[in-house]
Each structure stands twice: as structure tokens, then as C-alpha cells.
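>>> need the 3D shape of this:
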Amino acid sequence: MQKLWGSVLYHCALNGLGAILGVKCGPLLEHESTRTLITDVVQEVFQVLSKERITVEWTNAEAYLQDLIGRLCPVTCELYSSMLRDIQNGKKTEIEALNGAIVRLAHDHGFDVPVNWLITKLVKVKEKISAGLKDGKELTAVQG
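All right, here's what the predicted structure looks like:
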């Protein structure tokens, strides 16, 4: 279980953002804005882990982030996320099983995880745009 949730942490932190921005994992750590988003995602996941009483090999979000930056990302910094590849190929991604699952679990416990929610929504829109799909609803101009 710990290895599975370790994988979930990694993919929630990086895959969605990499897919949205269309970049390899490495550049995500080169910018303050994306480092902040990654930190927020990880903190939200740890909130869910705590509520679900799931333990991982890291004691808290800060310990995980140090390991992510110091050990995990250097190994994968030149790779594009699988979500980005799926989007480029017009396929559905695993966003619902990752960040989307964090959103659902948080809601089950009565709290919000806004960064995971936003990443989930943005990836889903990219999936649809890439596949040439629309929701079928048009925005209407507000009369002023």
C-alpha cells in the first residue's frame, strides 16, 4: 500500500501539471509558481492520507517534497508525463484515478482540495480539446 500511495503522490504532484503546461518534469521545478503548485498538491494529498489513516514512507508533506526534489525528480527530469502523451494522442488520461481520486476522498471527509480539483478540471478540458470534443453548452454573453 505504501508503494502504491508513493506512486500516487508522485503522479499527482507532477503528471497533471506537466500535461497542462506541455513540459517535461524537470522544468516544473525551475519555476516558483509550479513549485508552489506542487507543494500545494502534495499538502492536499497528505491531508487526505491523514483522514484515510494511510501511512506512507514519508512522515509529512515536507519530507516528501525534499525527497521529490532531491531524489525522485532528478531521475525523471527529462521525461514527459504519460498524461501529456495521452492528451497528444487524443486519449483519456488517468487524471480521475489520481488527482480526481484525491478530490473525491477529500469531499467524502468534508473538505476541499482546490489545487487538485483545478488540475483535474484543466486536464479533463485538455483531453476533450485534444480529442475534438465539446460539452455542448455555449457561454452566453452577459447583458449589461
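
>>> all strands of this protein, in order?
For the chain, strands defined by DSSP state E do not occur.

>>> okay, and for it, where does confidence drop off?
136-144 (pLDDT under 70).

>>> for it, what spans make up the helices?
Remark: helices assigned in the chain by DSSP state H are 2-21, 25-28, 32-52, 61-67, 73-76, 82-88, 99-108, 114-131.

>>> ok, residue 33 - how many residues close by?
8 (other CB atoms under 10 Å). Glycine gets a C-beta too; all of them are placed from N, C-alpha and C.

>>> now do residue 60
Other residues near residue 60 come to 13 when the count uses other CB under 10 Å.

>>> might you report the residue contacts of the nearest residue to it once chain neighbours are set aside?
Spatial nearest neighbour of residue 60, excluding adjacent residues (CB to CB, 6 or more residues apart in numbering): residue 46 at 6.4 Å. Residue 46 makes contact with 60, 61, 64, according to CB atoms under 8 Å, 6 or more residues apart in numbering.

>>> so which of these is the closest to residue 121?
residue 61 (22.4 Å; CB to CB).

>>> tell me the contacts of the closest one?
Residue 61 touches 39, 42, 43, 45, 46, counting by CB under 8 Å, 6+ apart.

>>> how much space separates the last one from residue 24?
This points to residue 46. Distance from residue 46 to residue 24, counting by CB to CB, to the nearest Å: 25 Å.

>>> next one: residue 91
19 Å.

>>> residue 81 too?
8 Å.

>>> which one's more surrounded, these two?
residue 81 (25 against 16).

>>> thought that one was touching residue 19?
Yes. With contact defined as CB atoms under 8 Å, residue 81 reaches residue 19; the gap is 5.4 Å.

>>> tell me which residues in stretch 24-43 are buried?
Judged by neighbour count using 16 or more other CB atoms under 10 Å, the buried positions of stretch 24-43 are 24, 25, 28, 34, 37, 38, 39, 40, 41, 42, 43.

>>> how about stretch 108-128?
113, 115, 116, 117, 118, 119, 120, 122, 123, 124, 126, 127.
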